[in-house]
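Trainee: quick check, what structure comes out for this input:
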Amino acid sequence: MVFERRQYPRTETEVPATITMDGGARFSAVVCNLSCAGLQLACDRVTAGGIVPGALLGTPLEMVQLGVEFRLASLAGSAVDIRVRCKVMGATRLAENVYRISLQYLDIDAATFERIDRFVSAGLALA
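Mentor: Take a look at the predicted model:
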């Protein structure tokens, strides 16, 4: 039996995303898991270094904020655009050119929360 310690369940995804840094720099990544509290991005070394400068394997010493945009499909076949502000919670190197960046939402609005919740619930139902 697996005990879930997280407040919100998460689902695995492969959704292309665009990251926009506060200074205007833009990067491409993939949302590899998603919950109502945050998300995790899969990216390469160059992207990880642009998002989290300095020591990539630890938690950033200063809070890095950024915007993330991606599109979620619905069971009805339509898609909805998601735009959220996030803070970086940490970065992990999985292989030479494979990184995961964990993000927590900042001030997510109710409509966006509901869209993400429906997507996660649908993903968990299919699992």
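Trainee: so Arg118 versus Arg83, what's the distance?
Mentor: In this view, Arg118 and Arg83 are 17 Å apart by CB to CB, to the nearest Å. (C-beta placed from N, C-alpha, C; glycine too.)
Trainee: same check, this time on Val15
Mentor: The gap separating Val15 from Arg83 is 13 Å, by CB to CB.
Trainee: quick one, which of these two is more surrounded?
Mentor: Using other CB atoms under 10 Å, the more surrounded residue of Val15 and Arg83 is Val15, with 18 against 12.
Trainee: just to check, the more buried one is in contact with Glu69?
Mentor: No. Counting by CB atoms under 8 Å, Val15 does not reach Glu69; the two are 10.5 Å apart.
Trainee: and for Asp109, the neighbour number?
Mentor: Neighbours around Asp109, by other CB under 10 Å: 11.
Trainee: what distance do you get for it to Leu66?
Mentor: Distance, Asp109 to Leu66, using CB to CB: 17 Å.
Trainee: does anything pack onto the helix or strand of the chain with the lowest mean pLDDT? Which helices or strands?
Mentor: In the chain, the helix or strand scored least confidently by mean pLDDT, DSSP states H and E is helix 110-126, which has a mean of 85. Secondary-structure packing of helix 110-126 (3 or more CB pairs under 8 Å, 6 or more residues apart in numbering; DSSP states H and E): strand 10-21, strand 26-35, strand 65-73, strand 79-95.
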